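Novice: From the sequence below, what's the structure:
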Amino acid sequence: MLIETCILVGLLVAVAVYLILQPGFVRILFGFVLLSNAINLLVLLASGEPRGRKVPIVGDAVGGLPPVDPLPQALVLTAIVIGFGVIAYLVVLLYRTFLDQGTADAEELFADAPGREPAAPKAPTQEAGR
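Specialist: Next comes the predicted model:
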């Protein structure tokens, strides 16, 4: 199970980085969502397997088993709340950018910035059936 989770975390990080590097702000937003979830999964993965450990409640030791470390779960819970706040901010920023500028594409938004070379004109596409 450990190998599959490592592969899943790596895949999520790779897709998140790919989406964050795209010009569309919606894809960047989805990239941040995936990256947040991948990092949370990574923290839980680093905390270790909870099987064979007792509940982290103060009291008598049950059978001499070591307790589960509650710190990674607390960190992930905090990271979920912070990630939700960042994602809510990015949604509002995307919404205001679209209302003010009329686009959600970074290339169109910064097309006339000084020092930037103009983009090559797009070739017209032909519709099928004409």
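Novice: Tally up the residues packed near S36, please.
Specialist: For S36, the neighbour count with other Cβ atoms under 10 Å is 19. In this view, the C-beta of every residue, glycine as well, is placed from N, C-alpha and C.
Novice: Nearest residue to the residue nearest the centre of the chain in space, ignoring adjacent ones along the chain?
Specialist: For the chain, the residue whose C-alpha lies nearest the mean C-alpha position (Cα atoms, centre = their mean) is L35; its distance is 2.3 Å. Using Cβ to Cβ, 6 or more residues apart in numbering and skipping the chain neighbours, the partner closest in space to L35 is A16 (3.8 Å).
Novice: got any ranges where the protein has weak pLDDT?
Specialist: 56, 58-64, 116-123, 125-130 (pLDDT under 70).
Novice: Identify the residues contacting stretch 10-30?
Specialist: 31-32, 34-35, 37-38, 41, 87, 90-91, 94, 97-98, 104-107 (Cβ atoms under 8 Å, 6 or more residues apart in numbering).
Novice: Distance from the chain centre to that stretch, please.
Specialist: 8 Å (Cα atoms, centre = their mean, to the nearest Å).
Novice: residues of that stretch that come out buried?
Specialist: By 16 or more other Cβ atoms under 10 Å, the buried positions in stretch 10-30 come out as 12-13, 16, 19, 24-25, 27-30.
Novice: try stretch 48-57
Specialist: Buried residues in stretch 48-57, counted by 16+ other Cβ under 10 Å: K54.
Novice: Find out how far it is from the centre of the chain, if you would.
Specialist: Using Cα atoms, centre = their mean, the offset of stretch 48-57 from its chain centre is 28 Å.
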